[in-house]
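S.K.: Okay, here's the prediction I keep looking at, along with the sequence it came from:
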Amino acid sequence: MIGKMKAAQISKAAGDWEVVERDVPEPGPAHVRVKVEACGICHSDVLVKEGLWPGLQYPRVPGHEVAGRIDKIGAGVATWSEGQRVGVGWHGGHCFSCTPCRRGDFAMCVNRKVTGVDFDGGYAEYLIAPSAALAVIPEELPAEEAGPFMCAGVTVYNALRHSGARAGDVVAVHGIGGLGHLGVQYARCMGFKTIAIGRGRDREPLATKLGAHHYIDSATSDAGAELQRLGGADVILATAPNAEAISALVPGLSVDGRLLVPAAPAEPLSVNVMPLIMGRRSLAGWYSGTARDSQDTLEFSVLSGVHPMIEKLPLDRVSEAYERMHSGKARFRVVLTMGM
Ligand SMILES: [Zn+2]
Ligand SMILES: [Zn+2]
């Protein structure tokens with residue numbers, strides 16, 4: 001007797017949301033079944049909705065900010081147990097045998113899978129996940145807060161902790177949105193002199209509340225010059241995917257400063273290279289992290305009191321929830337809940 005579950009799927013590129021009934025799937029070897037409690041809506045879900053990911057197969061259930069409980073264990077899974085609270089994020093598993101994997105760099109696996117893109121994700125009551133993609137959720141953390149940490153959270157937390165910045169260094173977070181509102185909190189909790197950069201003054205009170213020591217309005221001032229006035233940024237984390245605005249930040253870097261870009265703008269960056277050369281400055285991308293990085297993010301968030309700002313909507317209202325994210329109206333993460 002196979003049970004049924006509700007899932008929200010996209011069945012063709014640029015198709016509409018369909019809430020459908022499916023058979024509850026069975027976990028194969030090295031996989032587990034997760035009973036989903038909450039799933040955040042990430043801007044990258046646009047890749048599935050609009051068919052922008054190469055080789056994407058439909059129908060597809062998106063969702064890579066999953067929080068729930070292990071409900072069934074597949075063959076050969078020895079270190080996880082039924083009932084355990086787990087998260088599943090962007091990193092949907094790796095092959096263990098390619099060159100980066102053999103070097104232990106699982107995030108760079110050439111055969112890596114993305115949850116909700118290469119296999120069905122968390123916009124559903126159940127999903128099947130590789131055991132290598134699981135993070136333990138600390139008891140203190142509610143599911144609707146754990147979800148957004150599995151992509152937005154780990155991306156900025158992992159970027160900052162690998163940025164080379166040390167306590168007291170100047171770290172600027174550009175953009176106060178889904179990623180940036182977490183980036184400001186992490187930067188403050190990691191002991192950096194934290195500067196938030198936004199367009200206009202309306203995000204300033206919030207940025208201050210989240211822990212920013214300074215706020216720069218990029219609409220009315222030259223953000224690069226303002227950063228130099230504050231000592232020059234050792235690290236700038238550019239979370240607002242706006243090519244022109246990101247390019248304009250380069251002159252704000254200190255000597256050896258790094259501009260990290262974890263979210264892709266649609267347009268190419270246009271950067272004057274002289275400031276890079278003269279100050280040994282660099283510009284780099286940042287790629288999310290593994291399941292263990294996500295677990296570190298969850299644990300650090302509990303330890304230091306970092307919280308995502310969320311709006312909850314039930315799975316049935318997926319169209320409305322997605323639209324709130326896509327239009328930029330959400331403050332700041334919309335989380336689908338599965339009615340428990
Ligand atoms: Zn994401
Ligand atoms: Zn690999």
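M.R.: Alright, I've got the coordinates. Numbers count the residues shown, from 1 in each chain. Ligands and ions are numbered 1, 2, ... in the order given.
S.K.: Run through the residues of the chain sitting next to ligand 1.
M.R.: Taking CB under 5 Å from the ion as the criterion, the neighbours of ligand 1 within the chain are 42, 44, 151. Heads up, the C-betas are built off the backbone N, CA and C, glycines and all.
S.K.: out of those residues, which is most surrounded?
M.R.: Across those, the neighbour count under other CB atoms under 10 Å reaches its highest value at residue 151, namely 32 neighbours.
S.K.: In contact with that one, which residues?
M.R.: Going by CB atoms under 8 Å, 6 or more residues apart in numbering, residue 151 touches 40, 42, 44, 64, 65, 89, 90, 288.
S.K.: and what of residue 236?
M.R.: Residue 236 makes contact with 171, 172, 173, 174, 227, 249, 252, 253, 257, 258, 259, 260 under the criterion CB under 8 Å, 6+ apart.
S.K.: Run a quick neighbour tally on the fourth one.
M.R.: Other residues near residue 174 come to 31 when the count uses other CB under 10 Å.
S.K.: ok, now which ones touch it?
M.R.: Residue 174 makes contact with 180, 197, 218, 223, 236, 237, 238, 239, 240, 245, 246, 249 under the criterion CB under 8 Å, 6+ apart.
S.K.: Pretty sure the last one sits against residue 227.
M.R.: Yes: with contacts defined as CB atoms under 8 Å, residue 249 counts as touching residue 227 at a distance of 7.4 Å.
S.K.: any common contacting residues for these two?
M.R.: With contacts defined as CB under 8 Å, 6+ apart, the residues shared by residue 249 and residue 227 are 172, 197, 233, 236.
S.K.: Okay, and the beta partners of the third one?
M.R.: Note on residue 233: beta-bridge partners residue 253, judged by DSSP bridges.
S.K.: Quick one: residues contacting the residue of the stretch 1-150 of the chain found nearest ligand 1.
M.R.: For the stretch 1-150 of the chain and ligand 1, the shortest gap (CB to the ion) falls at residue 42, measuring 3.0 Å. Taking CB under 8 Å, 6+ apart as the criterion, residue 42 is in contact with 64, 65, 90, 151, 152, 178, 325.
S.K.: As a check, name the ranges of all helices in the stretch 151-300 of the chain.
M.R.: For the stretch 151-300 of the chain, the helices defined by DSSP state H, counting those that start in this stretch cover 154-161, 180-189, 204-210, 223-229, 243-247, 273-278, 291-304.
S.K.: Which elements pack onto the first one?
M.R.: Identification of packing neighbours for helix 154-161 by 3 or more CB pairs under 8 Å, 6 or more residues apart in numbering; DSSP states H and E yields helix 180-189, strand 233-238, helix 291-304.
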